[in-house]
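1. Have a look at this prediction, sequence included:
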Amino acid sequence: MPYLVECLASVEAQTLGHARIEVIAVDDGSTDGTGEYLEEFAARVDMPVTVIRQDNSGGPSGPRNVGLDKATGRYVFFLDADDRLGPEALERMVAMADRNATDVVLGRVEGINRKPPQSMWGRTLERTDVWSSNIKFTLSAQKLFRRELLNRHSMRFDESLWTGEDALFTMEAYLRADGVSLIDDYTCYYLVGREDGKHVTKSGSYTLRFDSARALMTLIADMVPAGPRRDMLMVRPFVVTLLPQFGAKYLKDSEQVRRHKFELAKPLLEAYWTEEVARRLRVEERLRIHAVAGQRPDLLLDHLEFQRARKKPEALLEKRGRRVYFAYPHFRDAATGIPDALYLAEPREARAVPGYREGGLDSFVRRAVRKARRSLPSRSRDVRPAAAA
């Protein structure tokens with residue numbers, strides 16, 4: 001409350017026939033009148049509503065699983081109580097799934113006091129998958145899922161995770177789905193930023209973020225054989241979940257927390273940090289993770305201080321403009337020994353530099369990053385040959 005009022009109003013306003021919608025509302029131990037309001041809503045509206053009231057579970061996984069166990073529809077949609085739907089959202093998403101026989105549908109998301117992921121949008125896709133689109137960067141649960149897919153694979157939210165449980169669930173659904181659809185021409189979901197800032201995803205200890213990264217990396221490794229496809233998916237937990245722990249927050253951490261973060265990251269980097277993952281990152285991201293992989297907090301701090309000062313690296317064009325190096329701290333500093341390869345921009349980043357000539361870099365970058373990895377201390381580059389394929 002009071003966000004729940006608008007949330008339920010958006011459900012009641014759906015253009016999909018109300019006889020085709022079942023609402024399962026799980027009051028997870030709320031103390032603000034939520035349960036009572038849900039009961040009033042159920043008694044008033046012309047659609048079937050089931051209200052379940054239970055003791056607080058501490059996270060969204062438990063109540064979502066309770067609701068999923070009660071669902072009977074062909075599809076399920078997980079709607080957070082502080083967000084809301086566009087009036088035609090369910091009608092459009094169900095029609096999209098029926099028309100294309102896809103198992104997951106993403107409806108365009110608009111943020112209200114929050115910024116949703118952007119890279120997957122641009123055009124409506126009747127049928128796609130996790131390999132040929134950027135859907136891996138939107139792993140929230142607010143999607144339409146075919147319930148038969150979830151039941152066939154006994155898919156439920158991991159109740160041992162306090163954050164990132166939706167990323168695990170959604171990634172598994174993407175990998176198991178017979179096709180995914182994207183609706184780009186209509187805002188289906190409004191992601192609302194609470195004025196009190198008390199979102200579950202913004203609270204909790206840093207250790208929970210490492211738990212989330214570890215769980216998602218393990219799922220990807222279990223479901224996708226080692227190689228470029230696995231590495232493509234690993235970019236998401238590295239950039240979205242792990243890297244922020246070594247960003248601006250790190251400068252405010254105590255020495256004890258800093259050491260602990262390096263300890264928590266070490267086994268993940270040894271298992272999953274490959275040349276292909278590195279190649280897919282921006283230069284500054286690659287440099288920070290290289291510092292963590294090499295157990296070099298001093299180098300990490302230098303990069304973070306450079307960013308905090310809002311400095312811009314000089315862009316150096318070489319090989320007749322076909323290579324662009326970004327001169328972040330310690331570029332060509334013999335004392336630190338960081339290979340030039342880590343400063344070499346991929347085409348998607350280099351295109352912003354005037355004078356850059358694209359072409360012929362891909363194999364060079366691969367060789368360069370491989371050489372850079374060999375410069376790490378031996379204990380920090382225990383990459384299995386299969387993982388580096």
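-> Nice, thanks for sending it over. Bear in mind that the values here come from a model prediction, so they are computed numbers and not experimental data.
2. okay, now residue 111: neighbour count?
-> 14 (other CB atoms under 10 Å). Where C-beta positions appear, they are placed from N, C-alpha and C, glycine not excepted.
3. In which helix or strand does the spatially closest residue to it that is not a sequence neighbour reside?
-> Excluding its sequence neighbours, the residue lying closest to residue 111 (CB to CB, 6 or more residues apart in numbering) is residue 191, at 4.9 Å. If you go by DSSP states H and E, residue 191 is part of strand 180-192.
4. what's the next secondary structure element after that strand?
-> helix 206-223.
5. Give me the buried stretch members for that following helix, please.
-> For helix 206-223, the neighbour count (16 or more other CB atoms under 10 Å) marks 206, 209-217, 219-221 as buried.
6. contacts for stretch 53-67?
-> 24-30, 35, 52, 76, 78, 80, 141, 156-159, 161-163, 165-166, 200 (CB atoms under 8 Å, 6 or more residues apart in numbering).
7. Filter those down to the buried ones and hand me the ChimeraX line.
-> Buried residues within those, by 16+ other CB under 10 Å, are selected in ChimeraX with:
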select :24,25,26,27,28,30,35,52,76,78,80,141,156,157,158,161,162,163,165,166
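8. Out of the contacts of stretch 53-67, which sit inside helices?
-> Per DSSP state H, helices hold the following members of the contacts of stretch 53-67: 35, 165-166.
9. between those residues, which is closest to residue 43?
-> residue 35 (13.0 Å; CB to CB).
10. Next, the contact list for the residue nearest to residue 111, please.
-> Contacts of residue 191 (CB under 8 Å, 6+ apart): 83, 109-112, 114, 116, 142.
11. roughly how far apart are it and residue 318?
-> 43 Å (CB to CB, to the nearest Å).
12. same check, this time on residue 264
-> From residue 264 to residue 318 the distance is 38 Å (CB to CB).
13. Between these two, point out the one with more neighbours.
-> For residue 264 versus residue 318, neighbours defined as other CB under 10 Å are more numerous around residue 264 (18 against 11).
14. show me the contacts for the closest residue in space to that one that isn't next to it in sequence.
-> Sequence neighbours aside, residue 210 is the residue nearest to residue 264 in space, at 4.3 Å (criterion: CB to CB, 6+ apart). Applying CB under 8 Å, 6+ apart, we find residue 210 in contact with 242, 245, 261, 264-265, 268.
15. For residue 98, grab the count of nearby residues.
-> 12.
16. Find the helix or strand that it is a member of.
-> helix 89-100.
17. Quick check: buried residues in that helix?
-> 89-94, 96-97, 100.
18. now do stretch 40-48
-> 41-42, 47.
19. what does stretch 90-103 contact?
-> 14-16, 20-21, 74-75, 77, 105, 107, 126-127, 144-146, 149, 173, 176-181, 183, 186, 188.
20. One more: stretch 75-82?
-> 3-4, 7, 11, 34, 60, 64, 67-68, 85, 90, 93-94, 97, 141-147, 150, 166, 192, 194.
21. Narrow those residues to those that are buried.
-> Using 16+ other CB under 10 Å, the buried ones in the contacts of stretch 75-82 are 3-4, 7, 11, 34, 60, 64, 67-68, 85, 90, 93-94, 97, 141-147, 150, 166, 192.
22. so of those residues, which ones are in strands?
-> 85, 144-146, 192 (DSSP state E).
23. Could you export the residues you listed as TSV, including distance to residue 56 and pLDDT?
-> Shown next, in TSV, are these (distance: CB to CB, whole Å; pLDDT from 0 to 100):
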residue	distance to residue 56	pLDDT
85	25	97
144	28	98
145	25	98
146	30	98
192	21	91
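24. Now the residues you listed in CSV, please, with extra columns for distance to residue 234.
-> Below are those laid out as CSV (distance: CB to CB, whole Å):
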residue, distance to residue 234
85, 32
144, 26
145, 23
146, 26
192, 31
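25. tell me which of those residues is nearest to residue 291?
-> residue 192 (36.8 Å).
26. Tell me if I'm right that the closest one and residue 109 touch.
-> No. Applying CB atoms under 8 Å, one finds residue 192 not in contact with residue 109, separated by 10.9 Å.
27. starting at the chain centroid, how far to the strand holding residue 191?
-> 17 Å (CA atoms, centre = their mean, to the nearest Å).
28. what is the orientation angle of that strand with helix 89-100?
-> Note on geometry: by axes from the mean of the first three to the mean of the last three CA atoms, to 10 degrees, strand 180-192 and helix 89-100 are set 170 degrees apart in direction.
29. buried sites along strand 180-192?
-> Applying 16+ other CB under 10 Å to strand 180-192 flags 180-183, 187-192 as buried.
30. Relative to that strand, what are the paired strands and their orientations?
-> strand 84-85 (antiparallel), strand 104-112 (parallel), strand 125-128 (antiparallel) (DSSP bridges).
31. For the stretch 201-350 of the chain, which segments count as strands?
-> Assigned by DSSP state E, counting those that start in this stretch, the stretch 201-350 of the chain shows strands spanning 314-318, 323-327.
32. I'd like to know which elements the first one is packed against.
-> Applying 3 or more CB pairs under 8 Å, 6 or more residues apart in numbering; DSSP states H and E, we find strand 314-318 packed against strand 323-327.
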